[in-house]
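**Student:** build the 3D model from these lines:
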Amino acid sequence: MIGRITGTLLDKTPPTICVQTGGLGYEIDVPMSTLYDLPEAGAQVTLYTHLAIREDAHVLYGFLTAQERITFRALIKVTGIGARTALAVLSGMTTDDLALAIREQETGRLTRVPGIGKKTAERLLLELKDKLGAPAHHGSGGNASSGRDDILNALMALGYSNSESQAALKALPADIDVSEGIRQALKSLAR
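**Tutor:** Got it, this is the predicted structure:
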């Protein structure tokens with residue numbers, strides 16, 4: 001599995017970009033949110049990636065943040081949602097907006113995304129209810145808040161639900177570092 005790629009951005013042709021690394025040029029499909037935040041061609045770029053292997057193709061998807069990749073992976077696990085639709089969702093709303101829509105069960109926000117109808121929006125809300133966390137808080141929490149967000153994201157990436165991950169996070173000391181926090185949270189979840 002290709003989990004991350006760092007290289008020179010050669011080309012941006014929406015929704016595909018080309019990143020050269022190690023003498024190879026990788027074509028990577030990205031959501032518009034990632035495309036807009038990429039530097040100009042010729043600059044160095046690092047992307048979190050997801051490799052989808054199908055009968056007819058190997059397709060690499062790229063994201064600027066780990067949270068976008070986590071959200072993408074959760075979306076493609078929903079019945080009837082493919083990679084193209086997941087990219088459309090991430091192109092049409094931020095991960096925080098999606099988590100908020102899911103938490104508040106608002107189909108209206110999702111149906112504004114091209115290709116998402118009422119039934120698909122309802123299915124997304126139902127199947128992602130416990131899989132995507134609450135929106136990240138961007139306040140004065142600083143590094144401690146960021147560390148706790150990293151622990152939460154790691155637990156959810158390992159397959160724990162949002163409620164399980166939040167419960168494990170509450171039991172941790174406030175000043176714990178990320179690696180120790182993940183270790184202790186996994187220990188408590190294993191009980």
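**Student:** can you list the buried residues in stretch 181-191?
**Tutor:** Neighbour counts using 16 or more other C-beta atoms under 10 Å place 181-182, 184-185 of stretch 181-191 among the buried residues. Placement of C-beta: from N, CA and C, glycine included.
**Student:** what about the strands in this protein?
**Tutor:** Assigned by DSSP state E, the strands in the chain fall at 4-13, 16-21, 24-29, 44-53, 58-63.
**Student:** and the residue nearest the centre of this protein?
**Tutor:** Glu68 (2.3 Å; C-alpha atoms, centre = their mean).
**Student:** that one contacts Leu90, doesn't it?
**Tutor:** Yes - with contact defined as C-beta atoms under 8 Å, Glu68 counts as touching Leu90 (6.1 Å).
**Student:** got the domain boundaries for this protein?
**Tutor:** Using automatic domain parsing, the domain parsing of the chain gives 4-63, 66-127, 142-190.
**Student:** most tightly packed of these?
**Tutor:** domain 66-127 (a mean of 18; mean count of other C-beta atoms under 10 Å).
**Student:** and that domain, how far from the chain's centre?
**Tutor:** 11 Å (C-alpha atoms, centre = their mean, to the nearest Å).
**Student:** how far does that domain stretch from start to finish?
**Tutor:** 21 Å (C-alpha to C-alpha, to the nearest Å).
**Student:** any weak-confidence spans in this structure?
**Tutor:** 133-146 (pLDDT under 70).
**Student:** hmm, 80 instead?
**Tutor:** 1, 130-147, 149-150, 153-154, 156-163, 191 (pLDDT under 80).
**Student:** how about Asp130, what does it touch?
**Tutor:** By C-beta atoms under 8 Å, 6 or more residues apart in numbering, Asp130 lies in contact with 161-163.
**Student:** restricted to helices, list the residues you listed.
**Tutor:** Residues of the contacts of Asp130 located in helices (DSSP state H): 162-163.
**Student:** make TSV out of the contacts of Asp130 and add distance to Val45.
**Tutor:** As requested, the contacts of Asp130 are exported to TSV (distance: C-beta to C-beta, whole Å):
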residue	distance to Val45
Ser161	32
Asn162	30
Ser163	35
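**Student:** let me know the closest of the contacts of Asp130 to Pro114.
**Tutor:** Asn162 (27.0 Å; C-beta to C-beta).
**Student:** from Gln20, how far out is the closest one?
**Tutor:** 38 Å (C-beta to C-beta, to the nearest Å).
**Student:** could you do Glu127 as well?
**Tutor:** Distance from Glu127 to Gln20, by C-beta to C-beta: 37 Å.
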